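Colleague: Provided below are the primary sequence and the corresponding predicted coordinates.
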Amino acid sequence: MTTTLITGGTVVTASGTQDADVLVEGEKIAMVLARQPGVHFSMTADKLIDATGMYVLPGGIDVHTHMEMPFGGTFSADTFETGTRAAAWGGTTTIIDFAVQAKGTSLLATLDKWHAKADGNCAIDYGFHMIVSDVNETTLKEMDACIAAGVNSFKMFMAYPGVFYATDGEILLAMQQASRSGATVMMHAENGIAIDQLVAQAIAAGRTDPVYHGLSRPPELEGEATSRAITLARVADCPLYIVHLSATQALAAVAEARDGGQNVFAETCPQYLFLSLDDLARPDFEGAKFVCSPPLRPKSHQDSLWRGLRTNDLSVVSTDHCPFCFKDQKELGRGDFSKIPNGIPGVEHRMDLLHAGVVAGQISLPRWVEVASTTPARMFGLYPRKGVIAAGSDADIVIYDPQARQTLSAATHHMNVDYSAYEGLELTGRVVTTLSRGFPVIDDGRYQGIASHGTFLARGLNQYLL
Ligand SMILES: [Zn+2]
């Protein structure tokens, strides 16, 4: 068994920081040894990593990615291979991607299909959520089989009528089914029926630029849908997880439900913390780079999202990584914003952007680890195998240099997409080494990963319930 000793670093976990050395044996963490003045251990290992001046973090867990996802006649540009490689560069060691049920197909066949895409192609470990887009008796029964197969979170959509949209009745049925098994329902909460009318009005009036994607999806309709999802979940007694929360109105609904003791949780994404409607309004169709749903909001929403992260009304930061190239993909929507594929690339930059929040004093160092790794692990049944630096846990470890400077750019990123939503953004902090189950995927700034290293994670139930 290969042993690795990480010395001299500051171990950061959700509960605090500690000057400690970490011994890895094979795929697991064997020991975390606090360093004390005057006390010297002598340990040997096959490989030594000097982490002096560095943070030693549990690997990031991004619970919301879309690799090679079909959308509007095209596919998101990252495969499982390129997407997990980019994730590792950015200090993420686990992704949970979405298997997408097409109407008229079974959940289990869908799961098989996604296994075939990911199997043997991932540089880091991965799991799946299931997108339920066709609620019927067979599908409802299959939800239990999905849980047995390690997939116990089911995503539904109040948006995208005619594609993924589910009626309130269908949502209630799926929530009742999930509730019987203890599974969590994830919700894309936007009122898609009303939005479709606003979109049609905008196009008919010749308002076709990307900024109208944002203006035709007002935050009130995210707030309304979030409230409605919360009410349905209360009636069904089902844990609810709101994905990619972007608006103050939606956050208020989540906070109220949580204050009332309901099992309601929410994530936000870096794009909602760092980008805004101003980016969607960039001239010459450049705004298309920033089209995602829910849309980027006016800057005034950002402060409340950071506050939500501090108060735990927002418990997780994921990326909703869904890259489409500007050329040939985003361009499908020139002259009609409603045809722009929805999604922003981000899997590589989540840890760095959140670290920028630490540097700016928005969140604390332990909170960074908590929202990026520990809570995602607990929320989706991976803890303590993942999400913590402790003896017995997987040796998913990131050595992070908090002083390094970097400039985000499409010229240097590793995602398979021809633009960066953060082009030119200068950040302090960067990943030096990423271990996945003890294996150096990124080794002192060099990619050493292999596509067959990552394994499927059969997940347990939500460990974060109130
Ligand atoms: Zn998504």
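Modeller: Yep, that arrived.

Colleague: distance of the most centrally placed residue in the chain relative to Phe265?
Modeller: By Cα atoms, centre = their mean, the chain has its centre lying nearest to Ser318, at 2.5 Å. For Ser318, the distance to Phe265 equals 12 Å [Cβ to Cβ, to the nearest Å]. C-beta here means a position set from N, CA and C on the backbone, and glycine is covered the same way.

Colleague: which pLDDT does the model give Gln262?
Modeller: Looking at Gln262, its pLDDT stands at 98.

Colleague: what about it, which SS state?
Modeller: Following DSSP: H, G, I helix; E, B strand; the rest coil, the label given to Gln262 is coil.

Colleague: burial measure for it, as a count.
Modeller: Number of residues near Gln262 (other Cβ atoms under 10 Å) recorded here: 18.

Colleague: residue contacts, it?
Modeller: The contact partners of Gln262, by Cβ atoms under 8 Å, 6 or more residues apart in numbering, come to Ile230, Ala233, Arg234, Leu240, Leu466.

Colleague: quick one, what contacts the closest residue to the fourth one other than its chain neighbours?
Modeller: Right, the one you point to is Leu240. Nearest non-adjacent residue to Leu240, counting by Cβ to Cβ, 6 or more residues apart in numbering: Ala233, 3.8 Å away. Shown in contact with Ala233 (Cβ under 8 Å, 6+ apart): Met175, Val185, Pro239, Leu240, Gln262, Asn263, Val264.

Colleague: ranges for the strands of the stretch 151-300 of the chain?
Modeller: 153-157, 184-188, 240-242, 264-268 (DSSP state E, counting those that start in this stretch).

Colleague: in JSON lines: the ones you listed, plus distance to Gly424.
Modeller: Converted to JSON lines, the strands of the stretch 151-300 of the chain look like this (distance: least, Cβ to Cβ, whole Å):
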{"stretch": "strand 153-157", "distance to Gly424": "33"}
{"stretch": "strand 184-188", "distance to Gly424": "30"}
{"stretch": "strand 240-242", "distance to Gly424": "31"}
{"stretch": "strand 264-268", "distance to Gly424": "23"}
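
Colleague: save those as CSV, and put in distance to Ile442 and mean neighbour count too.
Modeller: Shown next, in CSV, are those (distance: least, Cβ to Cβ, whole Å; neighbours: other Cβ atoms under 10 Å):
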stretch, distance to Ile442, mean neighbour count
strand 153-157, 28, 25
strand 184-188, 29, 26
strand 240-242, 30, 27
strand 264-268, 25, 26
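
Colleague: out of those strands, nearest to Leu425?
Modeller: For Leu425, the closest of the strands of the stretch 151-300 of the chain is strand 264-268, at 18.1 Å, according to Cβ to Cβ.

Colleague: and the angle from that closest one to strand 184-188?
Modeller: 50 degrees (axes from the mean of the first three to the mean of the last three Cα atoms, to 10 degrees).

Colleague: and the contacts of strand 264-268?
Modeller: Looking at strand 264-268 with Cβ under 8 Å, 6+ apart, the contacting residues turn out to be 63-64, 230, 233, 239-246, 250-251, 254, 257-258, 305, 308-309, 313-318, 379, 464.

Colleague: with just CA atoms, put that strand into PDB.
Modeller: Extracted in PDB, the C-alpha atoms of strand 264-268 (Å, rounded to 0.1, in the frame of the first residue of the first chain):
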ATOM      1  CA  VAL A 264     -36.000  22.600   3.000                       C
ATOM      2  CA  PHE A 265     -32.500  23.300   1.800                       C
ATOM      3  CA  ALA A 266     -31.000  25.300  -1.000                       C
ATOM      4  CA  GLU A 267     -27.900  25.800  -3.000                       C
ATOM      5  CA  THR A 268     -26.600  28.800  -5.000                       C
END
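
Colleague: tell me the strands beside that strand, with direction?
Modeller: Its sheet considered, strand 264-268 pairs with strand 240-242 (parallel), strand 316-317 (parallel) by DSSP bridges.

Colleague: so who does the residue nearest to Leu198 when sequence neighbours are not counted touch?
Modeller: The shortest distance from Leu198 to any non-neighbouring residue, by Cβ to Cβ, 6+ apart, is to Ser216 (4.1 Å). Taking Cβ under 8 Å, 6+ apart, we find Ser216 in contact with Ile195, Leu198, Val199, Gln201, Ala202.
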